[in-house]
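1. Have a look; sequence and predicted model below, questions after that.
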Amino acid sequence: MEKSVSVEYKSYGVRWYILGIYSIFAASEACVFNTWGPLAQSAKTGFGWSDAAVAWIPNIQIISGMVSLPMAYPVLQKFGFRSTVVFWGAGVHALGIILRCVSLDPTILLVTSLICSALNGWTAAMIEGTLTTLSARWFPAGERTTATGISIGVQMAGLIPPSLIFPRIVTDPGMSITEENGSEEIKNNIKSEVSYILYGEAVLSCLLFVIMLLYFPSHPPSPPSASAKADRYNFFQGIKQIFTQPKNIIAGLAFASVTVPLMWIAVVNQNLNPLGMNQVETGYIGTFIITASFLMNIINSGILSIVACH
């Protein structure tokens, strides 16, 4: 008769550090996504870009993320959780932002910004593909929904600095050009002010990569619950379940409908500037949308965690 092997289930306090650094990394990805939208008028004046060029920067990330998402699970299966997050996620994220700092020449910066967006789209796919794995490996069943909600909420909060702070750092040409203050001087000011943002984001992304490189284990020494070690669906089985079960399709459509107004913040300045609203004012609108989404996400996650325990 075989002896049963007892497994000790334990929750470690370090799980909150792992969730915290992961969430800040996700927020950095969101911040890069929203860099140019709130500064559309400054980008057009300072670098001579068109409305279409500014809009295509976040568009490229969305397209890249959609294309990359199906590859997230195979990458996770082949390289493991740590390598997927640290190297394929944070490493690629930092690489894209560093490339964007190569030159402030308008043409070069536009190209590197598009490349950065494409790499950031890949990063977003790695984040979306590993979030539930983090929750399952590090948190007991009663905390997983909350942990997932916190990470998504912090990622949403990463959209706030570009909307609320960046328009206060970079000159708004519509509010600044006067007879004493010529357009050429404004262009130079805008380029200089934008460089502070680009370099700041690069420093943050590299710092996060180094921190995660030093300590970001794949799993705790002991699992937090039995389900943490349970077998997961095969990737293709999961895809089949998504598209063959009505409840999954409805949930997907509901999520997609929510992201439409949230993604509008990337072009809100371009849409409302013709109505006389400046970058600071449209930034307030974006901030309100993001803050409401962040709070509702945290509240809903907490409610679901409570309900799941009953």
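-> That came through fine.

2. Quick one: residues contacting Thr84.
-> If you count contacts by Cβ atoms under 8 Å, 6 or more residues apart in numbering, Thr84 has them with Ala72, Val75, Leu76, Met126, Gly129, Thr130. C-beta: built from backbone N, CA, C; applies to glycine.

3. Now the two most distant members of those.
-> Greatest spatial distance in the contacts of Thr84: Val75 and Thr130, 9.2 Å, computed using Cβ to Cβ.

4. which of the two has more neighbours?
-> The neighbour comparison of Val75 against Thr130 (other Cβ atoms under 10 Å) goes to Thr130, with 23 against 20.

5. quick one: which helix or strand includes the more buried one?
-> Applying DSSP states H and E as the criterion places Thr130 in helix 106-138.

6. and if you look at Ile60?
-> helix 51-85.

7. and that helix, how far from the chain's centre?
-> Using Cα atoms, centre = their mean, to the nearest Å, the mean C-alpha position of helix 51-85 is found 11 Å from that of the whole chain.

8. Figure out how far the helix or strand following it is from the centre of its chain.
-> Proceeding N to C from helix 51-85, the next assigned helix or strand is helix 92-99, under DSSP H and E. Taking Cα atoms, centre = their mean, the mean C-alpha location of helix 92-99 is offset from the chain mean by 14 Å.

9. Tally up the residues packed near Ala26, please.
-> Neighbour count for Ala26, taken as other Cβ under 10 Å: 27.

10. Roughly how far does it sit from Ser11?
-> 22 Å (Cβ to Cβ, to the nearest Å).

11. How about Met212?
-> 21 Å.

12. The helix holding Ile60: which residues count as buried?
-> Buried residues in helix 51-85, counted by 16 or more other Cβ atoms under 10 Å: 53-62, 64-65, 68-69, 72-73, 75-76, 81, 83-85.

13. Do a quick rundown of the helices in the chain.
-> Here the chain has its helices, by DSSP state H, at 15-33, 40-47, 51-85, 92-99, 106-138, 141-157, 160-164, 166-169, 173-176, 183-214, 235-244, 246-263, 268-272, 279-308.

14. I'd like to know which of those helices is closest to Pro224.
-> Closest approach to Pro224 among the helices of the chain (Cβ to Cβ): helix 106-138, 6.6 Å.

15. Next, the angle from the closest one to helix 15-33.
-> Per axes from the mean of the first three to the mean of the last three Cα atoms, to 10 degrees, the angle that helix 106-138 makes with helix 15-33 is 160 degrees.

16. Measure how helix 106-138 sits relative to helix 141-157, angle-wise.
-> Using the same axes, to 10 degrees: helix 106-138 against helix 141-157 is 170 degrees.

17. relative to helix 92-99, how tilted is helix 106-138?
-> Angle, helix 106-138 to helix 92-99, by the same axes, to 10 degrees: 160 degrees.

18. The residue nearest to Ile211 when sequence neighbours are not counted and Ser28, how far apart?
-> Distances taken as Cβ to Cβ, 6 or more residues apart in numbering place Ile21 nearest to Ile211, at 6.2 Å, with adjacent residues excluded. Computed as Cβ to Cβ, the Ile21 to Ser28 distance reads 11 Å.

19. If anything else comes up later, I'll come back, but that's it for now.
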